[in-house]
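Asks: Structure for the following, please:
(one chain, ligands or ions: 1)
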Amino acid sequence: MQYARRMIIIVDFGSQYTQLIARRVRELNVYCETVPWNAVPDGQAASECAGYILSGGPASVNDVHAPSLPPSVLASGMPILGICYGMQWLATALGGRVSEGVCREYGPSQLVVLEDSPLFADFPTTFSVWMSHGDCVEQLPPNFVPLARTIAIPVAAIGDHGRRLFGVQFHPEVAHTAWGKELLRNFVYHICGCRGSWSSDEILAETVAAIQARVGNERALCAVSGGLDSTVAAVLTYKAIGERAMCVFVDHGLLRQGEAEHVLSSLRALLRMPVIGIDASNSFLAALRGITDPEQKRRAIGELFIRTFEAEADKLGGIPFLVQGTLYSDIIESAPPLGNSAKRTLAATIKSHHNVGGLPSDMKFKLVEPLNRLFKNEARRLGRLLGLPDEIVERHPFPGPGLAIRCLGEVTKDRLETLRKADAIVVDDLKASGLYCETALAFAVLLPVRSVGVMGDARAYGQVVAVRVVTSTDLMTADWARLPHSLLARISARITNEVPDVSRVVYDVTSKPPATIDWE
Ligand code: XMP
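Replies: Residues are numbered from 1 along each chain as shown. Take a look at the predicted model:
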């Protein structure tokens, strides 16, 4: 989906904080996109750029194969802010020198501002910053001045005000850096001249226009699941092309308790557009038979979804477009590793989201993904603006592959039934405690192991259920929810009492990273 706007391009040199930079810029209502260092756009895409932010990264600029940018970036005359490795690259590319490993700083440090600069406008002269580096700039390039230092390094920020080129050794994007958000605001507003117009109203208008441009006079099938993303995508498509949009809800038999019936009736009432329901549960169960590998499960589900939609599109006389509620985060985590032709980001493939990496290569549909540049919180804001009810806007996300990726090991009807019962208890009790809206996801996972227990004075060798409840703003990072012990105790007691064959419940206390939210 293309937007007619000037944006900040964030160049990813491989830092763990790159997506955080993107989030911070968007929190300033400025549109930005992240691109890998070896796929920086030129031509039309570059002409929409109002400035570059270069991320940090694990390499040393002095390495033979150190990541570098094409000359067009420096030649563009656009403002650049280099962060950590980004600053070191900028310094080296322009004739300065970086020394290796002599000035390590990890964690908090105190910055002392040396020079007036629009980057530090209205800042105190000293404040705390977050550092994570082993190399540092030793010799400045011509025309640059040092803007700040710390106790450990004399050059902690640099600038060439004439050419609007800046570098900071610290990380303004992390919460531990005081004045970090203000620094990014100074850069994007005052140095790059962005207007801060990336508001929900604008996103909505632009997205509708982009759908119209893409679909033209054709028809589009909207894949809906009852979740926020696909509902927002469908409503936007309806706004864009009216009755040429039709919704299809596929019940793959991997939904939660009572969900299939509820979703279909509530979507029909809500969307006021036709929603076709298809019960494909037997085909999905058959396609998953014998599969235990998580990626294989995802690919099998992604493929069958598309085949089911294709069959429906044929029945309806041939519909060329399929609308999906894919988010930016789905694409980042599903990204193929570098070297694949679809260069999307530097990130490794974490899991193939069914609607991204799980799609069959010979798919007939042309995809429309109106939300593919939005984070979850932005999709939620759009949902509110569209007047969707809290039940949908506040609803926890549910993965497209459904319970298949929470039923570790083989997916069978019986195991799904066990998982459904345990899952319903987790969600019910969380809702009853009033904590549902304070958490991002809450669910049960059925483990592929058995454990010894004692039930009714007899030995039990029952199944194990893990309970996973997390807090998160955008699903890119998450923390395990510190639920009251009394609530955990109740959930555990209910599961072992009410779900046949389960004799042990464990609570997952891992954040993301290092774990992901779902187990597969
Ligand atoms: P992870 O487990 O990767 O999850 O930390 C992040 C969010 O993405 C959801 N998820 C998916 N959603 N198709 C989807 O529509 C998928 O294939 C998929 N895989 C993970 C997950 O439930 C969580 O909300």
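
Asks: tell me the contacts of the residue nearest to V470 when sequence neighbours are not counted?
Replies: Of all residues not flanking V470 in the chain, A478 sits nearest, at 4.2 Å (Cβ to Cβ, 6 or more residues apart in numbering). Bear in mind the C-beta positions are built from the backbone N, C-alpha and C, glycine included. Contact partners of A478, counting by Cβ atoms under 8 Å, 6 or more residues apart in numbering, are 440-441, 470-472, 511-512, 517.

Asks: for A233, same thing?
Replies: 222, 323-325, 368-371.

Asks: Mind doing that once more with 6 Å?
Replies: 323, 325, 370-371 (Cβ atoms under 6 Å, 6 or more residues apart in numbering).

Asks: what is the rounded mean pLDDT of stretch 127-137?
Replies: The average pLDDT for stretch 127-137 rounds to 91.

Asks: Determine how far it lies from the middle of the whole chain.
Replies: For stretch 127-137, the gap between its own C-alpha mean and the chain's C-alpha mean amounts to 27 Å (Cα atoms, centre = their mean, to the nearest Å).

Asks: go on, stretch 297-308?
Replies: With Cα atoms, centre = their mean, you get 21 Å for stretch 297-308.

Asks: Of all residues in this structure, which one is nearest the centre?
Replies: Centroid-nearest residue in the chain: S329, 2.1 Å away (criterion: Cα atoms, centre = their mean).

Asks: now what about the helix or strand where that one lies, what contacts it?
Replies: In this structure, S329 sits in helix 328-334 according to DSSP states H and E. The contact list for helix 328-334, computed with Cβ under 6 Å, 6+ apart, reads 345, 347, 350, 352-353, 356-357, 373-375, 475-476.

Asks: What is the nearest of those residues to R384?
Replies: Each of those was checked against R384 using Cβ to Cβ; the closest is L374, at 13.3 Å.

Asks: For the ligand, see how far away the residue nearest to V470 is.
Replies: Using Cβ to the nearest ligand atom, to the nearest Å, A478 is found at 7 Å from the ligand.

Asks: again with W198
Replies: From W198 to the ligand the distance is 23 Å (Cβ to the nearest ligand atom).

Asks: For that residue, give me the backbone phi and psi.
Replies: Dihedral pair for W198: phi -80, psi 70, per degrees, to the nearest 10.

Asks: doesn't N29 make contact with it?
Replies: Yes - using Cβ atoms under 6 Å, W198 is in contact with N29, at 4.6 Å.

Asks: So between these two, which is more surrounded?
Replies: W198 (21 against 17; other Cβ atoms under 10 Å).

Asks: could the contacts of A233 be laid out in JSON lines, adding secondary structure and distance to the ligand?
Replies: Putting the contacts of A233 into JSON lines (DSSP: H, G, I helix; E, B strand; the rest coil; distance: Cβ to the nearest ligand atom, whole Å) gives the following:
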{"residue": "V323", "secondary structure": "strand", "distance to the ligand": "14"}
{"residue": "G325", "secondary structure": "coil", "distance to the ligand": "8"}
{"residue": "P370", "secondary structure": "coil", "distance to the ligand": "15"}
{"residue": "L371", "secondary structure": "coil", "distance to the ligand": "11"}
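
Asks: Would you point out the most distant pair within those?
Replies: V323 and L371 (9.9 Å).

Asks: tell me the domain boundaries of the protein?
Replies: The chain breaks down into these domains under automatic domain parsing: 7-191, 200-393, 406-507.

Asks: pLDDT wise, what is the residue located most distally from the centre of the chain at?
Replies: Distance from the C-alpha centroid of the chain peaks at D457, with 48.0 Å (Cα atoms, centre = their mean). Note on D457: pLDDT of 89.

Asks: cool, the one 3 residues further on as well?
Replies: According to the prediction, A460 has pLDDT 92.

Asks: A strand includes it, no?
Replies: Yes - membership of A460 in a strand is supported by DSSP: H, G, I helix; E, B strand; the rest coil.

Asks: pretty sure it is touching R504, no?
Replies: No - using Cβ under 6 Å, A460 is not in contact with R504; the gap is 9.0 Å.

Asks: now the top helix by length along the chain, how far from the centre of its chain.
Replies: Ranked by residue count under DSSP state H, the longest helix found in the chain is helix 294-315. The chain centre lies 23 Å from the centre of helix 294-315; the measure is Cα atoms, centre = their mean.
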